[in-house]
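Visitor: What shape does this take:
(one chain, ligands or ions: 1)
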Amino acid sequence: MGKKRVLSGIQTTGSLHLGNYLGAIRNWVEIQKEYDNFIFVADLHAITVPHEPKTLAANTRTIAALYLACGIDLEYATIFVQSHVSAHSELTWLFNCITPLNWLERMIQFKEKAVKQGENVSVGLLDYPVLMAADILLYEADLVPVGEDQKQHIELTRDIAIRINDRFGKKKEPVLKIPEPLIRKAGARVMSLADGTRKMSKSDPSEMSRIELLDAPEAIKKKIKRCKTDPVKGLSFDDPERPECNNLLNLYTILAGKTKEEVAAECQDMGWGQFKPLLTETTIAALEPIQSKYFELIEDRGYLDSVLKQGQEKAESVANRTLSRVKQALGYLPRF
Ligand code: AQP
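Guide: Sure thing, here's the model as predicted:
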């Protein structure tokens, strides 16, 4: 039996930060050898919220280069750009026509993001989970690594696949493969530097709320120096009254490669004046190898483009096969 297939992606909604790395990419790297990985830059998802055309292409290249710089290995992974494989958009349309509207109106992420956008909320934002279903089902993914917040979207993906199979498939020949979520066991959830109760996010208007993977040492120093803390003396994990303290200690633990017990003992008598320079130094050192690899890759445009072209070709061949199967099941006249 071949390896199981895993599909993952990140939206081009801004600069990648420590949350994207520690909560997603680092885990993909850790498990990549066990699976056949399809990893894409989600540029179609990115325009479900207002976007800046001037930076879209550059962000796309940056994310692809960061995948490689963070350790995604082309021996185990296919890296491609979502909009380069038109089957994503086409399958989304077909799925749109069989997905009940009330399935989408129930999605928590839609409700949360729609509130932020008020009158301007787009049909695309509502349709985001259907596009995600198309992404996953096109590649016949067995597993999709997600955090708790995306579990509902995987359920919807499964519901869409089951509906298509029931309505248009044959008993022994399902049209679509039903995927499973791969829920991270101890996945890091990195919180905002400005508010320890909110997650660190690309689209937060304040750059001071996140440490970006490409931040220069001076910027990292400034952000950590100014980040929100509390007046309590001594640092400890898991105090519900001290979400910022817990977040910064967690960051230090992961970036320093230490255990929670080691850090609890090391930091119990520290004040912020002592801890912040330590976290700064550790963060700069952890990001240095990623940054130097990234700058090498982004200079070599020919190489990066060749990686994305090969990815596009491989992704397209798999995706187009699934799309044809769905169209055939729905009764479409085959292309000439
Ligand atoms: N703060 C975080 N802690 C841990 N994991 C995180 N991820 C994002 N933020 C954190 C993980 O990174 C991947 C990127 O997903 P995405 O770009 O598709 O969208 P997202 O989850 O909504 O990420 P952002 O950075 O917050 O982007 P915006 O601001 O555009 O919404 C996912 O695997 C996610 O779990």
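Visitor: residues contacting the closest residue to L193 other than its chain neighbours?
Guide: Nearest residue to L193, sequence neighbours excluded (CB to CB, 6 or more residues apart in numbering): C227, at 3.9 Å. Where you see a C-beta, it was placed from the backbone N, CA and C, and this is true even at glycine. Going by CB atoms under 8 Å, 6 or more residues apart in numbering, C227 touches 193-194, 208, 244, 248, 276.
Visitor: swap in L125?
Guide: Here L125 is in contact with 48-49, 110, 113-114, 117 (CB under 8 Å, 6+ apart).
Visitor: Just name the shakiest helix or strand of this structure by mean pLDDT.
Guide: strand 180-183 (a mean of 85; mean pLDDT, DSSP states H and E).
Visitor: Which other helices and strands does that one contact?
Guide: In terms of contacts (3 or more CB pairs under 8 Å, 6 or more residues apart in numbering; DSSP states H and E), strand 180-183 is packed against strand 143-146, helix 151-168.
Visitor: sorry, back to before: can you redo the contacts of C227 as a markdown table with secondary structure, distance to K222 and pLDDT?
Guide: Shown next, in a markdown table, are these (DSSP: H, G, I helix; E, B strand; the rest coil; distance: CB to CB, whole Å; pLDDT from 0 to 100):
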| residue | secondary structure | distance to K222 | pLDDT |
| --- | --- | --- | --- |
| L193 | coil | 11 | 97 |
| A194 | coil | 13 | 97 |
| M208 | helix | 8 | 97 |
| E244 | helix | 17 | 96 |
| L248 | helix | 15 | 97 |
| K276 | helix | 11 | 97 |
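Visitor: now, among those, which is nearest to the ligand?
Guide: L193 (10.8 Å; CB to the nearest ligand atom).
Visitor: Centre of the chain to the longest helix along the chain, how far?
Guide: Ordering each helix of the chain by length in residues (DSSP state H) puts helix 301-330 first. Centroid separation for helix 301-330 versus its chain: 20 Å, with CA atoms, centre = their mean, to the nearest Å.
Visitor: can you list the weak-confidence ranges in the chain?
Guide: 184-187 (pLDDT under 70).
Visitor: Would you mind naming what in it lies close to the ligand?
Guide: Within the chain, the residues that sit near the ligand (CB under 6 Å from any ligand atom) are 10-11, 13, 19-20, 23-24, 42, 147, 188-190, 199-203.
Visitor: So for the helix or strand following the least confident helix or strand of the chain, what gets flagged as buried?
Guide: Beyond strand 180-183 on the C-terminal side, the first helix or strand identified by DSSP states H and E is helix 217-226. Buried positions in helix 217-226, judged by neighbour count with 16 or more other CB atoms under 10 Å: 220-221, 223-224.
Visitor: now, which of the residues you listed sits nearest K33?
Guide: Nearest to K33 out of the buried residues of helix 217-226 is I220 (CB to CB; 30.8 Å).
Visitor: In contact with that closest one, which residues are there?
Guide: 211, 280, 283-284, 287.
Visitor: Which of those has the largest number of neighbours?
Guide: Of all the contacts of I220, the most densely surrounded is I211 (27 neighbours; neighbours counted as other CB atoms under 10 Å).
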